[in-house]
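Engineer: Pasting the sequence and the predicted model now:
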Amino acid sequence: MGGRSTAIKLSSGGVWVVASTPLNTETKETIDAMGSVEYGTNRPPFLLTGEWKKAYPEAKIIGMEGLPEKKKAERWAFFGCKYLFAVTRLIGLSPCQLIAYGIDPPETTYGFENDTLIVADLIFNLPAKEQYSKSSSSPKLAFFFPNFEPYSKFHQKFVWNEGKDKDTMKRDAQTVSEWDFERIIPCHGVSQFPSE
């Protein structure tokens, strides 16, 4: 399916990292060139927390509910989607929100002031050509449904079936649909598709 870690340069000069892949040399060099990592958002795969935290010990880790119990050795800044407004104040971005989507485990969406929407496992846009651009493997072989994108019926059914709290899912999807964004960066798949 391909994975993507995303690094965002903050107005403070620091860097916010959404870690979804192992930290290899090329990734670390690219992030270090951007600035000092101040915040790391960790969601599944939570096992990546240790290596990223070791590389950036001063960064504050923001996780979702349940992670502190699984990763007790980490120093969590806070966790849980119920603190979504605390995220805005902590990072100093406006707007910035964490959305739970009623999915178990909660999938996360980050909206930043540069008209970019960063999403985890709520939106897929396969095949993952960007993630596989440096691989000898074909992105079409990585998933049982190679054209798994938001406009397909299968994608819509898959996301809906993953939702545990349908009312929360509807509410949060409505919230995001009202945001004014021009670009979406998914963890899985290409980022060139319109917000509508």
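Structural biologist: Structure's in. What do you need?
Engineer: switch to C-alpha atoms for all contacts and neighbour counts from now on
Structural biologist: Noted.
Engineer: list the contacts for Asn161?
Structural biologist: With contact set as CA atoms under 8 Å, 6 or more residues apart in numbering, Asn161 has no partners.
Engineer: what about it, distance to Gln174?
Structural biologist: 18 Å (CA to CA, to the nearest Å).
Engineer: With Lys153 instead?
Structural biologist: 19 Å.
Engineer: any weak-confidence spans in this structure?
Structural biologist: 1-4, 41-49, 62-116, 118-150, 162-164, 172, 180-181, 183, 186-196 (pLDDT under 70).
Engineer: can I get the CA coordinates of the biggest helix by length in the chain in CSV?
Structural biologist: Taking DSSP state H as the criterion, the chain has its longest helix at helix 166-177. Below are the C-alpha coordinates for helix 166-177, written out as CSV (Å, rounded to 0.1, in the frame of the first residue of the first chain):
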residue,chain,number,x,y,z
LYS,A,166,-21.2,6.4,12.8
ASP,A,167,-22.6,9.6,14.3
THR,A,168,-19.2,10.8,15.2
MET,A,169,-17.9,9.8,11.8
LYS,A,170,-20.6,11.8,10.0
ARG,A,171,-20.1,14.8,12.2
ASP,A,172,-16.3,14.9,11.7
ALA,A,173,-16.6,14.2,8.0
GLN,A,174,-18.9,17.2,7.8
THR,A,175,-16.4,19.3,9.7
VAL,A,176,-13.6,18.5,7.3
SER,A,177,-15.8,19.0,4.2
